[in-house]
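Participant: Sequence first, predicted model second:
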Amino acid sequence: MSEYFIDAQKVCVQYTEEDETRTILNNISLRVRRGELITVVGPSGCGKSTMLRLLLGAQFPNAGTVLIDGNKVERVGPDCGIVYQGYSLFPHLSVLDNICFGLVLQQTNLWQTVSALPVIAAEDLTHAIAKRFRKKNHHHSQPLDEDSFSKNAGSGNAGSGAAIAVSYVAPKRSPLSTALEIFPYIRIRRRVREEAYEYLADIGLERADAEKYPYELSGGMRQRVAIAQAVIMKPKILLMDEPFGALDRTRREEMQDFIHQQWKKHNLTVFFVTHDLDEAVKLGTRLICLSQYWCDENQNPGHGSKIVVDRKVLGGDILPSQFGDTPEFKALINEIGEEGLTPHHHQSQFKFDLSHPDAIKEGGGGSCV
Amino acid sequence: MQIPRAVAQAKAKATVKSHAPHLTFFRTDSRLPRWADVALGVLPFILIVALYLWGCWYVRDQEAHNTDSATASSKLMPTPVQMWDGFKSTAVEPDSRGDLRLWMDTAASCQRFAIGMAFVAFGVVIGLYMGTFPIVESLFYRFFVFADKVPPLLLLPILFIVFDVGELSKVALVVIGVLPGVVLDACHRTKEIPHEQFYKAQTLGASESEIAWSVIFPQLLPKMLGTLRLNFKAAWCYVIAGESIAAAVGIGYRIFVLRRYVAMDIIIPYVIWATLIMFLLDYIFQWLETRYKWVDQQ
């Protein structure tokens, strides 16, 4: 088995549109070790998301191989978790149901799911009718009694004295509600939901948020839930496609800290695609910079994206702000700009004397370890 | 030149006045008060009733003053009292066989409608699979596009020949008339769901069928309630049309029998009754749709 967790070798991706073949990724090789947080930056259309789809299994290379944990990626499966900028949550499910979605699926089969659909619809309808007759100021997102939770201050993670661990105590159920548990799907879903309640506090959500729908949450909250939804399944690799692209600066910084904390806590391997260089530098243990334009060793312009920089940017727990400030790196990014490197750039322009000796800079190269 | 203070004040006042809201009812962003909303909603009904009452009075007045040209005009426009009597005669007074005709006809028509719509609702599942699996789409899409263009009423004689004049032909008419449209709409709406959600579900361990039933179907359902609701009228029309040609009981049958006797005092209440049934059903489905608030927020 390969020592590398992700091992992509000489990957080419091409699209053919109206007799015109367009190379998106040209001979890219990429190796990632377990537990790395890889950030990928580059201009629009350089193939960042294509790389992510290859790892996800939603797309296949025209040439080359992509291995995850020694297995060839052949289809989208539970090995990967994915977080998108939008569409990350199922709009018809509450926050808690979104988080539990994968766990419930794991423990139920298709027949149990389908047979419970009318029951769930009827249950929802009953709630809706009951809600209509409820008092005006009774907020619908509080389906549980205050007593359902017991708060134990100071019993959180070691070192976080102010943390409050919120443990869930199941509320009293009506006889009808109990009777519905003859359906295995309903029974399992309830049990999983009760377990997942504890996870809400972990991602910084309040109990009142549990029954909210995604549209009722802010962008940052949605992404927290989306990350929780993926992380709870313990994926081998977490793929993130510009997840914070729609957030304002403050929320974005909060979420960067959040993903960093989750990465460390769950020892995840993360492949993080972003437009934002600062974000890439701040988060990544390694930063990969893709460009649409490059020159080969003979200074001939090439087509299709290449990895032009692959840098180890983070050592230990220190956030690499100093790396983002290096003039060489700034110079490179300025060169790349919005358009990417132009074919007339000579590769020698991008030879940097950076502090990390394992930095690779190849004008036409794409081999990164 | 300095403007006199009084003039300046008058100008300022005029400026304020010119910006004062007026005729806000005709603004695109106007929000009507509840009373105005209700009043405007009721107004067309009041106008129609008022016009009808005036017509009743006018016809009777003409008859009273012009006895030579005696016509059946008053029979064509029964008064509300006559209609109420007609309604009561069918709703609470048993006929010669001892049946309460209104309820018997209503039950028969609603049964045909409900069975037909139950089959039509199955079209949501066909559309779901067409939108989810390209192989199912390839198999059925062109067929349903073609079937959607068939004028269902032209098939009525064929249905009566094939299925006889029993219940099956009337239910089949509803299904043939409405199902293709529902299937195609379900297919298109399934395709509107972003593919990223399918990938997401797959990463969470969902199989293809679980994606269809756990991710797509719950998102499709509220939208299809709207589609079914909009097809109620067509389905109801097909039921009435089927009954009017060959049936022994039903709202359509009764109206077409009463037509021979120009019994407008019963026909009009029957029409209002048939409309009210659909109005109520439409209202219930609209309420169900509004329950899914997340649909509009996507």
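Facilitator: Thanks, I have the structure now. Computed from a predicted structure; not experimentally measured. Numbers count the residues shown, from 1 in each chain, chains lettered A, B, ... in the order given.

Participant: Just the element for the residue in the stretch 1-150 of chain A that chain B sits nearest to, please.
Facilitator: Going by CB to the nearest CB, chain B is nearest to residue A:102 of the stretch 1-150 of chain A, at 3.3 Å. The way it works is simple: take the backbone N, C-alpha and C, and place the C-beta from them, glycine included. When elements are assigned from DSSP states H and E, residue A:102 belongs to helix A:95-107.

Participant: Please name every helix or strand in contact with that helix.
Facilitator: helix A:184-202, helix A:219-231 (3 or more CB pairs under 8 Å, 6 or more residues apart in numbering or on different chains; DSSP states H and E).

Participant: Of those, which stretch is the most buried?
Facilitator: helix A:219-231 (a mean of 23; mean count of other CB atoms under 10 Å in any protein chain shown).

Participant: Just the C-alpha atoms of it, please, in PDB.
Facilitator: Output in PDB follows, covering the C-alpha atoms of helix A:219-231 (Å, rounded to 0.1, in the frame of the first residue of the first chain):
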ATOM      1  CA  GLY A 219     -24.400  31.400   6.000                       C
ATOM      2  CA  GLY A 220     -21.800  30.700   8.600                       C
ATOM      3  CA  MET A 221     -24.200  28.500  10.600                       C
ATOM      4  CA  ARG A 222     -25.200  26.600   7.500                       C
ATOM      5  CA  GLN A 223     -21.600  25.800   6.800                       C
ATOM      6  CA  ARG A 224     -21.000  24.700  10.400                       C
ATOM      7  CA  VAL A 225     -23.900  22.300  10.000                       C
ATOM      8  CA  ALA A 226     -22.600  21.100   6.600                       C
ATOM      9  CA  ILE A 227     -19.200  20.400   8.100                       C
ATOM     10  CA  ALA A 228     -20.800  18.600  11.000                       C
ATOM     11  CA  GLN A 229     -22.900  16.600   8.600                       C
ATOM     12  CA  ALA A 230     -19.800  15.400   6.800                       C
ATOM     13  CA  VAL A 231     -17.500  15.000   9.800                       C
END
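
Participant: Quick one: name whatever helix or strand follows that helix.
Facilitator: With DSSP H and E, the next secondary element past helix A:219-231 is strand A:237-241.

Participant: you'd agree residue B:86 is up against residue B:263?
Facilitator: Yes - with contacts counted by CB atoms under 8 Å, residue B:86 reaches residue B:263, the gap being 7.1 Å.

Participant: So which residues of the chain form helices?
Facilitator: No chain specified, so I'll use chain A. A:48-56, A:95-107, A:110-132, A:175-179, A:184-202, A:219-231, A:249-266, A:277-283, A:321-324, A:327-336 (DSSP state H).

Participant: Chain B is the one I meant
Facilitator: B:5-19, B:34-65, B:73-76, B:80-91, B:101-132, B:134-148, B:156-163, B:167-192, B:195-203, B:208-210, B:217-245, B:251-259, B:264-291, B:294-297.

Participant: could I get those helices as a markdown table with mean neighbour count?
Facilitator: Below are the helices of chain B laid out as a markdown table (neighbours: other CB atoms under 10 Å in any protein chain shown):
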| stretch | mean neighbour count |
| --- | --- |
| helix B:5-19 | 9 |
| helix B:34-65 | 11 |
| helix B:73-76 | 14 |
| helix B:80-91 | 16 |
| helix B:101-132 | 20 |
| helix B:134-148 | 14 |
| helix B:156-163 | 15 |
| helix B:167-192 | 22 |
| helix B:195-203 | 21 |
| helix B:208-210 | 16 |
| helix B:217-245 | 20 |
| helix B:251-259 | 20 |
| helix B:264-291 | 16 |
| helix B:294-297 | 14 |
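
Participant: now those helices in TSV, with distance to residue A:36?
Facilitator: Formatted as TSV, the helices of chain B follow (distance: least, CB to CB, whole Å):
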stretch	distance to residue A:36
helix B:5-19	62
helix B:34-65	60
helix B:73-76	86
helix B:80-91	78
helix B:101-132	36
helix B:134-148	37
helix B:156-163	68
helix B:167-192	37
helix B:195-203	19
helix B:208-210	32
helix B:217-245	36
helix B:251-259	72
helix B:264-291	46
helix B:294-297	37
